[in-house]
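J.: Curious how this folds, go ahead:
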Amino acid sequence: MVCRDCCCGTPKVTGINHAAQTARFAASAPVRISDCLDVCDQANVVVVQPSAAGRAAGGRPVWLGLVNDPDATEDIIGWVRAGGPGLSPPPDILDLYAIDPPRRP
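T.: As a prediction, this is how the structure comes out:
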């Protein structure tokens, strides 16, 4: 899931081609575009959902913020291709992007 609302995917986050990033993700895995995920201070936000097999293995969604570097995009794609949450550990570098999901009242 890729946030593309008020802050994520907009000119507020400079120096990144948001359309190209979204297209790159979509070329590698199913992508759902989301409205605001309520962590605007972490734009651009990507949530990597586990596959059915990943969920069965105990995988949970992983929230990543500040995904504004092409290398981070490629690291995420590589992880998803390797199986993603529940099936493959994320590359260590993605620890730098991990964020907590917002708490909803």
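J.: which ones are touching the most centrally placed residue in the chain?
T.: Centroid check for the chain by Cα atoms, centre = their mean gives Val46 as the closest residue, at 2.1 Å. Shown in contact with Val46 (Cβ atoms under 8 Å, 6 or more residues apart in numbering): 1-3, 25, 63-64, 67, 76. From N, CA and C alone the C-beta is placed, and that goes for glycine too.
J.: What residues does Cys3 make contact with?
T.: With Cβ under 8 Å, 6+ apart, Cys3 has these contacts: 9, 34-37, 39, 43-47.
J.: what's the neighbour count on the closest residue to Val48 other than its chain neighbours?
T.: Closest residue to Val48 apart from its sequence neighbours, by Cβ to Cβ, 6 or more residues apart in numbering: Val62 at 4.6 Å. Number of residues near Val62 (other Cβ atoms under 10 Å) recorded here: 21.
J.: How about Ala56?
T.: Residues contacting Ala56 under the criterion other Cβ under 10 Å number 11.
J.: Could you do the one 5 residues further on as well?
T.: The number of residues packed near Pro61 is 13, by other Cβ under 10 Å.
J.: Quick check, it in contact with Gly54.
T.: No: if you go by Cβ atoms under 8 Å, Pro61 and Gly54 don't touch, sitting 10.0 Å apart.
J.: ok, now how distant is the residue nearest to Val48 from Arg32?
T.: 15 Å (Cβ to Cβ, to the nearest Å).
J.: Ok, Ile77 next?
T.: 16 Å.
J.: for this protein, which helix is longest?
T.: Scanning the chain for the longest helix, with DSSP state H as the assignment, gives helix 70-82.
J.: Same question for that one: list its buried residues.
T.: For helix 70-82, burial by neighbour count (16 or more other Cβ atoms under 10 Å) applies to 72-73, 75-76, 79-80.
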